[in-house]
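Engineer: coords please:
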Amino acid sequence: MNEVMSPVAFKWLLTALTGVLASAWLVYDTINLIRTRNADRGDAVVRDKHFGYVIGILIGIVGVLGCLRFHDVV
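Structural biologist: Numbers count the residues shown, from 1 in each chain. This is a model prediction of the structure:
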């Protein structure tokens, strides 16, 4: 047997890495979106930031849901 780790341990390692990073991304972009909600939306840079934060939030949600589906929770 020359496996570094068992399949179950590998599954949980992937879940931990993906889940932690996706959750952190989700929280970070949500905080930034809340902080910039009163900024001038007429400015193109502000609109680009808001768009990027929303896309980041969606990516975080997909990561968290992917982890849940990976473990047959959802």
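Engineer: switch to C-alpha atoms for all contacts and neighbour counts from now on
Structural biologist: Noted.
Engineer: where does pLDDT dip in this structure?
Structural biologist: 1 (pLDDT under 70).
Engineer: quick check: the gap between residue 60 and residue 54.
Structural biologist: When distance is defined by Cα to Cα, to the nearest Å, residue 60 is 10 Å away from residue 54.
Engineer: ditto for residue 44
Structural biologist: From residue 44 over to residue 54 the distance is 15 Å, taken as Cα to Cα.
Engineer: and those two? Which one has more around it.
Structural biologist: For residue 44 versus residue 54, neighbours defined as other Cα atoms under 10 Å are more numerous around residue 54 (17 against 10).
Engineer: where do the helices sit along this structure?
Structural biologist: Using DSSP state H, the helices found in the chain span residues 7-35, 44-70.
Engineer: which parts of the first one are buried?
Structural biologist: Counting neighbours by 16 or more other Cα atoms under 10 Å, one finds that the buried residues in helix 7-35 are 15, 18, 19, 22, 23, 25, 26, 29, 30, 33.
Engineer: now the two most distant members of those.
Structural biologist: Largest separation among those by Cα to Cα: 15 and 33, giving 26.3 Å.
Engineer: burial check on residue 55, number of neighbours?
Structural biologist: For residue 55, the tally of surrounding residues (other Cα under 10 Å) stands at 14.
Engineer: what about it, distance to residue 2?
Structural biologist: Residue 55 is 41 Å from residue 2, by Cα to Cα.
Engineer: do the same with residue 66
Structural biologist: When residue 66 is compared with residue 2 (using Cα to Cα), they lie 29 Å apart.
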